[in-house]
Each structure stands twice: as C-alpha cells, then as structure tokens.
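Colleague: Predicted model, plus sequence, below.
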Amino acid sequence: MKFSYFNPSRIFYGSDALQKTEELLEENNFSEALVVCGARATKNLPVTMELSKSHACYIDVNPNSPAKQVDEIASAAEGKDCIVAIGGGSVMDAAKAAAALVTNCGKTYDYLDGKEFTKKPLPCICVPTTAGTSSEISRYSVITDERKNQKKALGGEALYSFAAIEDPSLSYGMPPALAASTGLDAFSHCLESIVNVENNPISENNALKAISIISKRLPASVKGDKKARDDVFLGVMFAGLAFDQTGTTAVHKISYAFTLDYGVPHGFACALTLPHIMEENKKSAEEKIKRIESVLGGNVKKKTLELMKSVGAPTSLKEIGVKKEDLAKLASRIDYVECKHDVLPVTRERVARLLERIY
Ligand SMILES: [Fe+2]
C-alpha cells in the first residue's frame, strides 16, 4: 500500500463565527477583505452584516458558481488582502476560484480549459452556512461553464481555503429541503470516496465516521432538530476530509446534467444514481461495500433509498421531470473523461442502461 495525505486548511469549530473571523482578520493583518455571499439568508446573517460594515461586499453569487461571476469576484478582490466567503457550496466554490484567479493571471474559462493554478491564492476564509458541500476544507471548486452548459470541478492546492470557520449554528436557518439535499451531497461524498481508486485508510476512516453520523441523524436534522443539525454539521466535516483526498466519481459527474437541465439541487441530483451505482460497484469493490454496509446496518442500495425517502428526496428521473425520449441526450451530457476515479469503467452504454433503470 502507498498513499499520502495533505490538507492545509485551518479548521476552527465553534458557535462563534463572527468573533473567530474578526480574530483571524486581525491576527493576519487582513485589513481590507472582500466579503462574498449569496442572495439567500446569508446576506442577512449577523456575521455578514457586521463584516460588511468595514469591508467591501460582493453579494448574490448565483447557484452553481457561473464562471463569469468568478471573474467578477476576482476583479472585485483586486488589491484586497483576502476574501471572506459566507454561504453554501456555490458561494465558497466561486470565492475560492476567484481567490486563485487574483494571483494567477487569466480568466476562469482558461482554467476550465485545462490551465493550472501555479501561484498561491489570495487567502480565502470560508464560513459555511449549509452542511454538505465541504468546499471550505476541500481542494475543489465546481464551476459552471456557460459556454458548454456544463459543471466542471477545478482542483488543486490553490483551491484550499486559508481557514474554515465551522459554526454549526449557521446551519440552523436551512429550510428542510436544503438540509436534505446538502446532507445527501455529503453522504454521496462518503460513499464515492470509499468506492474510489484513490481511497486510503485515512480518507476511509473519515468517510465511515461521516456515514455513521449522517445516516443516523439526517432525518432529524431535516426536521429542524438543532442537536441533529450540530451532529450532521460535524459529520459533513469528516465527509469533506475524506473526499478531499480522493475526489468524487460518476455519481457526481452524472448529477451535473440533472442540476443544469432540470434544476435539481446538487445533493438530490447525486443521490438519484448513488444507490444503483454502489450496487453495481459490488462487482469490483465487494470488500469496500461490505465495510460501508456494516456501518449502515444493511444493504447499501436499500439503506440509501430508505434514507433518501425519509428526507423527501426524489428517487426516479420521472419525478424530476425527465421525459423518456430525453434519456439518450442525458447520457451524452456526461463528461466521461472526468470519471477517472471509479472502480468500474463508466461508459455511455452503462450510463444509458442506468438511466433507463432509474427512470
Ligand atoms: Fe458534491
């Protein structure tokens, strides 16, 4: 066996996001920050309101982090000491990519086309307000390429945050559907991280811990139980530390078309194929699936479908508005080159059969 482990993001956990962020800014002499947030409740949070009194703000990052907006944030961050991203995955992904863009030249499209970030980014402090994406502790930013109407993950050390301020109380404001979708995103991260060619003992340990917490506590968290929200928030951190090391698999790559073409929230879009792909993966990763099943307490497909139903997630393509005649087009929307971490080959024929089955 051979593996390495690296994650430089500082993690500060506790219900004191504003205080901790202000401390970090002061300790590091970051006197001019750009505060980046989303349109939803995040712009009205005390941490956002307070910081925006003394720092410039970029508000209304759109869902799914469009590349053009990443360019705008990078322009707004020119001359600043750091970026503070307050929000869900789209906000943090866009802010981290913008922070890398400020110090590396060019536009977001250059990097979506294969250019690599070679210089250290502008420091980016991430304050997550949802519990699922783990962008605050991962080396990935998923960006929408408007030219191709595709989502693509940019990856690399330049996309690590300077610090992650993990305040579980910020997740209390999530409406139930958002708690369900983001929680299932994290649950997908765990399973995809284990059943992955890059899986290693450290990432697997984190993923199994996260599976145990999320599978037990997500239903209560979705109903608004604050203790359960705290538990899931912590579980999601473990999930992030797992998939950061391994990347995701076909489950994520297939999900992007469901989100862009049918407006399905990211976590629900991932969950649609998750139980089925995991069941298929038994052919090549029986031992890994057994370890997941021992934590779940039963068959991976059955237990995942139960979890999805218990939080109101769709389980078929019909439910999200896909028409039978659109299945072939959907199968052609997947970036198969990016499915490089799967334990089984991911081909258009295999995905077409899968989409038929989950229709
Ligand atoms: Fe995800």
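Modeller: Thanks, I have it. Numbers count the residues shown, from 1 in each chain.
Colleague: Can you tell me the element the residue most central in space within the chain falls in?
Modeller: Central residue of the chain (C-alpha atoms, centre = their mean): residue 133, 2.8 Å from the mean position. Per DSSP states H and E: residue 133 is located in neither a helix nor a strand.
Colleague: Could you report the distance from the closest residue to it other than its chain neighbours to residue 225?
Modeller: Once flanking residues are discounted, residue 133 sits nearest to residue 89: 3.0 Å by C-beta to C-beta, 6 or more residues apart in numbering. For the C-beta atoms, the positions are set from N, CA and C on the backbone; glycine is no exception. Residue 89 is 23 Å from residue 225, where distance means C-beta to C-beta, to the nearest Å.
Colleague: Looking at those two, which one has more neighbours?
Modeller: Using other C-beta atoms under 10 Å, the more surrounded residue of residue 89 and residue 225 is residue 89, with 26 against 14.
Colleague: what sits against that one?
Modeller: By C-beta atoms under 8 Å, 6 or more residues apart in numbering, residue 89 lies in contact with 65, 130, 132, 133, 135, 142, 182, 185, 266.
Colleague: Would you mind measuring from it to residue 30?
Modeller: For residue 89, the distance to residue 30 (C-beta to C-beta) stands at 23 Å.
Colleague: repeat for residue 8
Modeller: Per C-beta to C-beta, residue 8 is found 17 Å from residue 30.
Colleague: So for the two, which residue has more residues nearby?
Modeller: Higher neighbour count among residue 8 and residue 30: residue 30, with 20 against 11, using other C-beta under 10 Å.
Colleague: from what I can see that one touches residue 83, true?
Modeller: No. If you go by C-beta atoms under 8 Å, residue 30 and residue 83 don't touch, sitting 9.6 Å apart.
Colleague: quick one: common contacting residues for the two?
Modeller: Here residue 30 and residue 83 have residue 123 as joint contacts, going by C-beta under 8 Å, 6+ apart.
Colleague: can you list the domains in this structure?
Modeller: Annotated domains of the chain cover 10-170, 174-357 [automatic domain parsing].
Colleague: Minimum distance to residue 2: which of these has it?
Modeller: For residue 2, the closest of the domains of the chain is domain 174-357, at 8.9 Å, according to C-beta to C-beta.
Colleague: what about that closest one, start to end distance?
Modeller: Start-to-end span of domain 174-357 (C-alpha to C-alpha, to the nearest Å) is 32 Å.
Colleague: With stretch 25-32 instead?
Modeller: Taking C-alpha to C-alpha, stretch 25-32 runs 9 Å from one end to the other.
Colleague: Could I get the buried residue list for it?
Modeller: Across stretch 25-32, burial judged by 16 or more other C-beta atoms under 10 Å covers 25, 30.
Colleague: Now that stretch: average pLDDT?
Modeller: Stretch 25-32 shows a mean pLDDT of 98.
Colleague: Contacts for it next, please.
Modeller: 24, 33, 55, 56, 79, 80, 81, 82, 84, 123, 125.
Colleague: Kindly report the same for stretch 292-311.
Modeller: So stretch 292-311 is contacted by 176, 179-180, 183-184, 187, 191, 194-195, 208, 211-212, 215, 218-219, 222, 271, 274-276, 278-279, 289, 314-315 (C-beta under 8 Å, 6+ apart).
Colleague: ok, now stretch 36-44?
Modeller: By C-beta under 8 Å, 6+ apart, the list of residues contacting stretch 36-44 from outside reads 48, 57-62, 73, 83-88, 90-91, 94-95, 98, 129, 173.
Colleague: can you dump the C-alpha coordinates of it into CSV?
Modeller: C-alpha atoms of stretch 36-44 as CSV (Å, rounded to 0.1, in the frame of the first residue of the first chain):
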residue,chain,number,x,y,z
VAL,A,36,-18.6,37.3,-0.7
CYS,A,37,-22.1,35.9,0.0
GLY,A,38,-25.3,34.5,-1.6
ALA,A,39,-28.6,36.1,-2.2
ARG,A,40,-30.4,33.9,0.2
ALA,A,41,-30.4,34.3,4.0
THR,A,42,-26.6,34.5,4.1
LYS,A,43,-26.5,38.2,3.4
ASN,A,44,-28.7,38.9,6.4
